[in-house]
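J.: Okay, predicted coordinates and the sequence, questions at the end:
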Amino acid sequence: MSEQEKNAPYLDKRSSRRTFIKNSGLTVGGVVLGGALGSLLSKDSTTQTHETGVHTTATAVNFNQALMYFDKTQFDTIDAAAEQIFPKTEVGPGAKELLVAFYIDHQLAGSWGLNSKEYMSGPFYPAEATPLFGHQTHLNRQQIFNLGIEALNSEAAKQYKAKFSEITAEEQVAILQAFEAGEVTLNGAVTSTYFFSLLKSATIEGAYADPLYGGNKDMAGWKMKNFPGHQMSYANIIEKDEFVKIEPTSLNSQHKH
Amino acid sequence: MAKKLPKTDIVLAGVGWTGGIIAAELTKKGYKVVGLERGKERKTEDYLMVHDELRYQQRNEMMQDLSKETLTVRHDRSKRALPYRQHGSFLIGDGVGGSGEHWNGLTYRFLPYDFEIYTKTVERYGKDKIPADMPLQDWGITYNDLVPYFEKFEAMAGISGETNPHPEVPEVKYPTVPLKETPSMKMFKEASKNLGYHPYIAPAATLSESYTNPDGISRAACQYCGFCERFGCEYGAKASPVVTVLPVAKETGNFEVRAHCVVRKVLHTNGKATGVLYVDTRTGEEYIQEADVVVVSAYALNNIRILLNSQLGSPYNPESGTGVIGKNYAYQMTSSGSTGFFKEKEFNLYAGTGALAGVLDDFNGDNFDHTDLNFIHGGNIALGHYGKRPISNNSVPKGTPTWGKEFKDESIYWANRSLSVGSQGSVMPNKENYIDLDPTYKDQFGDPLLRMTFNYKDNERNQQKYIRDITTKILEEMGADMINTPGDQGDWDTTKYQTTHNTGGVIMGADPKTSALNNYLQMWDCENVFVPGASAFPHNSGMNPTGTVGALAYRAAEGIEKYLKTGGSLV
């Protein structure tokens, strides 16, 4: 698979063409983006579209997409870790292509990252809490991800003298397994097991939540699983003996009536 | 200083199913009712964007904001209770309509055995069958007494169903025909029949056909959209207070709902309530709403909390077994279910509705002989077709890794090829399972949180071993290629969703020494306070509780009217 295919466009061709017309051929990668994030996003956010007869070359960007919480290293780390949890296989795309790391970034920036609808008053007794009693520390998910990502990279540095995102897939998996087993000490009141379980559930969410949250790109997670997304009625299907495959629709369609 | 408001006839602390039913019944009779609801107003149009698994299922859009108030949990009295910081084992709803908005709609009647469980157990097996630490009690009312109230609830909601073919279960005629049957439900039915059981299509509050109820409320048929439990219904096809009883109450002009208002206490002097103290969370101001009758109609757990924080009724003491508020807290057990994997068959599992199921009661209540068994009661057994959604549907055969390549490919392969046969296991009361106030943790107003002391006891753990073999046997008969049979029921896991069927704590009965309420749900200790809801259940049966909650709410409505006319204790 080519580099260009791997960094698939965030918009369908129709949208990218519209953007092209509006922007009269601006090369977005160099103009809009820049600085530290430029190297992260320009490659992933733009694409070359060849459409014979209409335009020769178009470059488009999804202006709705940028990081809200992670810095570049954090993004790269989660992008790599999520890909090991939900990798690209013959069945279909993995976390990277589904934009799971963007999904996790956006979730961390909001109420989920701040545990704002959860009881966060003390006193805290983390030592008395078995897994049956869940999260029992003062740390919110933003803080837990910061600690977890820091530890993923310090493990990678310790063992392989590199960043987590730079080591091989097998090496990444080995570190994640150690996290899951609780074998890594995080620099705060949380276990590596708990961080791993958050990362795992967020990765699955990013693969399958409605695309409006930033992941499940092009509904590819749903297509893999034969899930039709948002449909108004299955009254004519519910009794059917054979499997009925339906092209998925997302909640975005509710705005197009 | 709290502002005093003009007196009303009836004030409700909570506007869900029980508050809504009482509001409709009493406003129709001309009484003035004020409903106080902690959450927001709701309407069907709110659900335009409801097909959102992340928002409604993973993030619990319709549930109580735990940052403001939660409870603490522990397994036994020797431990320190820790806060239930995130929604897990159960989901407490809020907002107008309460849990009646996000429920599945499975609408059963508890069995005749349930209401006279002590008497019937002793009659058939002798006193020794009941362990010393199990305060098993009759409910102070019989199934036959309750039939007219069950019928009222079923007619109001338009329950779709067929009669239960089990010879021990009384016949019921439902107002609408059963829901459509899926291929997997047919497989369940055929396999269960082959094994000598009595399967049928579960009674559902998600309408099978359009229906107009006795109040003149018309609703459309269910579309099997697959987003039902934990979600609101964008069609109004699922019976909820917002589309049934609340519009009836509003139409009379005698009903006022005040949303965003949290009741802190029932105010009372000399054994009679004068009203309630509440906070409007938008203005932050405190009010006193005086009333002739106070109805504590919040979620079962919140009912207990309001009474304990009001110092109304005598709190239960697990040491001596005396006192009643917080007594006989019970739950249900969902760990007897097995999952079967079918290589050759793909099912349309994305479709479904919250109450679409094949079910049987051959191992529920006392429908089977317990003489040689080391437990009483049991649970229903069902194959549900509720609509599987991709974030939460990741069933894989035992031994599959929980992440990585193999997990991904397997969870996708089996997504539409796996079926679960589950059971709602009953939970019997135990002296050590109870609710009181937490000594440490407080809510947004500085009031103590509830403290839940609960664990599964021998009766449940023994029942689970017995039932799980049957769920596995049914899947074998259905032709599953592989089956995951669960391990033993361990200690209660507060983090993993099991069921929102929390019961007891303000129980009904025939004796004021062992119960908090008489059979009109009227408090023995305070005659103008009524406490409907599953908090009134002296034990929890092996099926969904809402049908019984609804019937008891109609009974309470009748009691309130009687009380307003005659006064005094109704029993």
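T.: Yep, that arrived.

J.: Just the pLDDT for the residue sitting furthest away from the middle of chain B.
T.: In chain B, counting by Cα atoms, centre = their mean, B:Lys405 sits farthest out from the average C-alpha position, at 39.2 Å. Looking at B:Lys405, its pLDDT reads 98.

J.: tell me the contacts of A:Ile238?
T.: Contacts for A:Ile238 (Cβ atoms under 8 Å, 6 or more residues apart in numbering or on different chains) come out as B:Lys180, B:Thr182, B:Tyr224, B:Asn348, B:Ala351, B:Gly352, B:Leu356, B:His385. All C-beta spots, glycine's among them, are computed from the backbone N, C-alpha and C.

J.: run the last query once more with 10 Å
T.: A:Ile238 is in contact with A:244, B:179-183, B:185, B:222-224, B:226, B:348, B:351-353, B:356, B:385, B:387, counting by Cβ atoms under 10 Å, 6 or more residues apart in numbering or on different chains.

J.: quick one on the thing from earlier: surely the residue farthest from the centre of chain B meets A:Gly92?
T.: No - at 11.8 Å, B:Lys405 does not count as touching A:Gly92 under the criterion of Cβ atoms under 10 Å.

J.: Now for these two: what residues contact both?
T.: By Cβ under 10 Å, 6+ apart, no residue touches both B:Lys405 and A:Gly92.

J.: which residues does A:Lys161 contact?
T.: By Cβ under 10 Å, 6+ apart, the contact list for A:Lys161 reads A:Ile167.

J.: so how far is chain B from it?
T.: Note on A:Lys161: its distance to chain B, by Cβ to the nearest Cβ, to the nearest Å, is 25 Å.

J.: Phi, psi for that residue please.
T.: When read as degrees, to the nearest 10, the backbone of A:Lys161 gives phi 50, psi 40.

J.: Dihedrals phi and psi, the residue farthest from the centre of chain B?
T.: Per degrees, to the nearest 10, the backbone of B:Lys405 is at phi -60, psi -50.

J.: residues in contact with the most centrally placed residue in chain A?
T.: With distances taken as Cα atoms, centre = their mean, the residue of chain A nearest its centroid is A:Val100 (1.4 Å). Residues in contact with A:Val100 (Cβ under 10 Å, 6+ apart) are A:78-79, A:81-83, A:85-86, A:93-94, A:202-209, A:214-217, A:221.

J.: Can you classify the nearest residue to B:Lys29 once chain neighbours are set aside by secondary structure?
T.: Among residues not flanking B:Lys29 along the chain, B:Glu561 sits closest, at 6.0 Å (Cβ to Cβ, 6 or more residues apart in numbering or on different chains). The local conformation at B:Glu561, judged by DSSP: H, G, I helix; E, B strand; the rest coil, is helix.

J.: what does the model give B:Glu561 for pLDDT?
T.: Note for B:Glu561: predicted pLDDT of 98.

J.: So it sits against B:Asp292, correct?
T.: No - the criterion here is Cβ under 10 Å, and B:Glu561 misses it with B:Asp292 at 11.7 Å.

J.: Those two: who's more crowded?
T.: Using other Cβ atoms under 10 Å in any protein chain shown, the more surrounded residue of B:Glu561 and B:Asp292 is B:Asp292, with 20 against 17.

J.: can I assume the more buried one sits in a helix?
T.: No - the assignment for B:Asp292 by three-state DSSP gives strand, which leaves it out of any helix.

J.: now it: how far from B:Ile306?
T.: 18 Å (Cβ to Cβ, to the nearest Å).

J.: swap in B:Asn367?
T.: Distance of B:Asn367 to B:Ile306, given as Cβ to Cβ: 36 Å.

J.: Between those two, which is the more surrounded one?
T.: The neighbour comparison of B:Asn367 against B:Ile306 (other Cβ under 10 Å) goes to B:Ile306, with 24 against 20.

J.: What pLDDT does the model give the more buried one?
T.: 98.

J.: Settle this for me: it is touching B:Val531, isn't it.
T.: Yes - taking contacts as Cβ under 10 Å, B:Ile306 lies within contact range of B:Val531: 8.8 Å.

J.: quick one: common contacting residues for these two?
T.: B:Ala13, B:Val266, B:Val294, B:Val296, B:Ser297, B:Ala298, B:Leu312, B:Val506.

J.: Switch those over to CSV; also include neighbour count, secondary structure and distance to A:Ala181.
T.: Putting those into CSV (neighbours: other Cβ atoms under 10 Å in any protein chain shown; DSSP: H, G, I helix; E, B strand; the rest coil; distance: Cβ to Cβ, whole Å) gives the following:
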residue, neighbour count, secondary structure, distance to A:Ala181
B:Ala13, 29, strand, 48
B:Val266, 27, strand, 51
B:Val294, 30, strand, 54
B:Val296, 31, strand, 48
B:Ser297, 33, coil, 48
B:Ala298, 29, coil, 43
B:Leu312, 25, coil, 50
B:Val506, 31, coil, 45
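
J.: who are the neighbours in contact with the residue lying closest to B:Gly271 once chain neighbours are set aside?
T.: Excluding its sequence neighbours, the residue lying closest to B:Gly271 (Cβ to Cβ, 6+ apart) is B:Cys526, at 5.8 Å. Contacts for B:Cys526 (Cβ under 10 Å, 6+ apart) come out as B:Val266, B:His268, B:Asn270, B:Gly271, B:Lys272, B:Ala273, B:Val294, B:Leu307, B:Ser310, B:Leu312, B:Gly313, B:Ala516.

J.: Now B:Cys526: phi and psi?
T.: The phi/psi pair for B:Cys526 (degrees, to the nearest 10) reads phi -160, psi 100.

J.: Quickly list what it is bridged to.
T.: B:Met523 (DSSP bridges).

J.: about what we covered before: where's the residue farthest from the centre of chain B relative to A:Glu83, distance?
T.: 11 Å.

J.: and if you look at A:Ile237?
T.: Taking Cβ to Cβ, one finds A:Ile237 at 34 Å from A:Glu83.

J.: And for A:Ala207?
T.: 11 Å.

J.: try A:Ile238
T.: 37 Å.

J.: Provide a complete list of residue ranges assigned to strands in the stretch 251-400 of chain B.
T.: Ranges of strands within the stretch 251-400 of chain B are B:255-258, B:261-269, B:272-280, B:285-296, B:327-330, B:338-341, B:357-360, B:379-384, based on DSSP state E, counting those that start in this stretch.

J.: Distance to A:Val173 and mean pLDDT for those - can I get that in JSON lines?
T.: JSON lines is the format used below for these (distance: least, Cβ to Cβ, whole Å; pLDDT from 0 to 100):
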{"stretch": "strand B:255-258", "distance to A:Val173": "55", "mean pLDDT": "98"}
{"stretch": "strand B:261-269", "distance to A:Val173": "49", "mean pLDDT": "98"}
{"stretch": "strand B:272-280", "distance to A:Val173": "52", "mean pLDDT": "98"}
{"stretch": "strand B:285-296", "distance to A:Val173": "54", "mean pLDDT": "98"}
{"stretch": "strand B:327-330", "distance to A:Val173": "44", "mean pLDDT": "98"}
{"stretch": "strand B:338-341", "distance to A:Val173": "26", "mean pLDDT": "98"}
{"stretch": "strand B:357-360", "distance to A:Val173": "40", "mean pLDDT": "98"}
{"stretch": "strand B:379-384", "distance to A:Val173": "36", "mean pLDDT": "98"}
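
J.: that older thread, what's the overlap in contacts for B:Glu561 and B:Asp292?
T.: Shared contacts of B:Glu561 and B:Asp292, counting by Cβ under 10 Å, 6+ apart, come down to B:Ile10, B:Tyr31.

J.: Contacts only, for the spatially most central residue of chain B.
T.: Chain B has B:His501 as the residue nearest its centroid, 3.9 Å off, counting by Cα atoms, centre = their mean. Contacts for B:His501 (Cβ under 10 Å, 6+ apart) come out as B:90, B:300, B:330-332, B:334, B:424, B:427, B:534, B:537, B:540-541, B:543-546, B:549.
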